[in-house]
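Engineer: sharing a model prediction with you, sequence too.
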Amino acid sequence: MARLRLGILISGRGSNLQALIDACAAPSFPATVALVISNKAEAAGLDRARAAAIPSQVISHREPDFEAAIDAALRGAGVELVCLAGFMRILGADFVNGWRDRLINIHPSLLPAFPGLGTHRRVLAAGEAVAGCTVHFVRPEIDAGPIILRETVPVLPGDTETSLAARVLAAEHRLYPAAVRQVAKMLAKDGGSAISLRRN
Ligand code: GRF
């Protein structure tokens, strides 16, 4: 079976990108990383792409046609599924709708709870007993869209934002590859009509 071609969008550290690169290294994994795009030239994740000999590109959000340029690069590389992995720009409705059900994101909370930034601080302030992470299809509304997978982790007594973030991040690194595997399965099943595909 042909492997699903991933395009991964990053802005920084790229530890989730690394988790996907590592997963794709297994011959049985149903996807491969075709292209990494960063909106920041200094993103450490670019070094991870280079180390794995994966094509990468910097497309600055200061460019006038930022989203059109990303779209063209992804389509040019034959990307079939776009994974946002710490990509810190909000994508417009045209882009999001153009990749409907082919665009997924990882968020460090149990969505629909705690959308947006500062999730760990807010989870601790709310006195939650559990935290976690979510991979979901992207819709134009922020941190919305059908949920693919979630993983729960405990909030422990004495947790700080740092300790909780580290526990959630370890879960993210398991969850993102698992979610990609699931989407690859969905897309392989009857040519992807199992989920609505409306690409431009
Ligand atoms: C992760 O916590 C992810 O959930 C959020 O941004 C962070 C990115 O981390 N969207 P990394 O760049 O993958 O290390």
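Structural biologist: Structure's in. What do you need? Numbering: from 1, shown residues only.
Engineer: how about the closest residue to the ligand within the chain, secondary structure?
Structural biologist: Closest contact between the chain and the ligand, by C-beta to the nearest ligand atom, is at Gly86 (2.6 Å). The way it works is simple: take the backbone N, C-alpha and C, and place the C-beta from them, glycine included. For Gly86, the secondary structure call by DSSP: H, G, I helix; E, B strand; the rest coil comes out as coil.
Engineer: for it, which residues are in contact?
Structural biologist: 10-17, 45 (C-beta atoms under 8 Å, 6 or more residues apart in numbering).
Engineer: which pair in those residues has the greatest spatial separation?
Structural biologist: Pairwise distances across the contacts of Gly86 peak at 12.4 Å for Ser11 and Ser15 (criterion: C-beta to C-beta).
Engineer: could you measure from the residue of the chain closest to the ligand over to Pro108?
Structural biologist: Applying C-beta to C-beta, to the nearest Å, the value for Gly86 to Pro108 is 10 Å.
Engineer: for the residue of the chain closest to the ligand, give its distance to Met1.
Structural biologist: Applying C-beta to C-beta, one obtains 29 Å for the distance of Gly86 from Met1.
Engineer: follow-up on the earlier one: filter the contacts of Gly86 to the buried ones?
Structural biologist: Buried subset of the contacts of Gly86 (neighbour count, 16 or more other C-beta atoms under 10 Å): 10-12, 14-17, 45.
Engineer: now the helices for this structure?
Structural biologist: For the chain, the helices defined by DSSP state H occupy 15-24, 45-51, 66-76, 93-98, 119-125, 161-188.
Engineer: tally of neighbours for the closest residue to Thr119 other than its chain neighbours?
Structural biologist: Computed as C-beta to C-beta, 6 or more residues apart in numbering, the closest residue to Thr119 that is not its neighbour in sequence is Ser109, at 4.1 Å. If you count neighbours by other C-beta atoms under 10 Å, Ser109 ends up with 22.
Engineer: how about the contacts made by Ser109?
Structural biologist: Taking C-beta under 8 Å, 6+ apart as the test, what Ser109 contacts is 115, 119, 123, 131-134.
Engineer: is there any residue in stretch 136-147 that contacts the ligand?
Structural biologist: No: judged by C-beta under 6 Å from any ligand atom, stretch 136-147 stays clear of the ligand, getting no closer than 9.4 Å.
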